[in-house]
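Visitor: Need a 3D model of the following:
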Amino acid sequence: MIEKMIRHSWNVISGLFVLGLSLWLSGPGIAETDIPQYRWYFMLWFALWTVGFILQFRPRMKWIGLFITFIPTLYYLIDVLKATEVISY
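Guide: Okay, the predicted model is just below:
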């Protein structure tokens, strides 16, 4: 029961985080170029998150789906931390 609550909470929080940043970065003026083709590449991270979310509903693929949802979330989290200069490379 607790595992389900944690997993569903993770899905809501990470889904809103990835969707919000994907929409923001695919908007005009944020991407490096103003060519619409490159702006939509940021939405691929949300598409990857969606695949992981769907895989979580299959009992055998639940952990793989959870891992896949971590990938875009960690990408955007590292991007945010680099932008706020909390971490530097």
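Visitor: If you average pLDDT per helix and strand, which one of the protein comes out bottom?
Guide: Least confident helix or strand of the chain, by mean pLDDT, DSSP states H and E, is helix 36-39 with a mean of 67.
Visitor: Just after it, pick out the following helix or strand.
Guide: Remark: after helix 36-39, the chain's next helix or strand is helix 43-55, criterion DSSP states H and E.
Visitor: how long is stretch 52-69 end to end?
Guide: Start to finish, the residues bounding stretch 52-69 are 5 Å apart (Cα to Cα, to the nearest Å).
Visitor: Surely T69 touches G52?
Guide: Yes: here T69 reaches G52: they are 3.8 Å apart, a contact under Cβ atoms under 8 Å. In short, each C-beta sits where N, CA and C put it, glycine included.
Visitor: how distant is the longest helix seen in the chain from the center of its chain?
Guide: Counting residues, the longest helix in the chain under DSSP state H turns out to be helix 2-25. Put simply, helix 2-25 sits 8 Å off its chain's centre (Cα atoms, centre = their mean, to the nearest Å).
Visitor: Contacts made by that helix with the rest, please.
Guide: 30-31, 39, 42-43, 45-46, 49, 53, 56, 66, 69-70, 72-73, 76-77, 79-80 (Cβ atoms under 8 Å, 6 or more residues apart in numbering).
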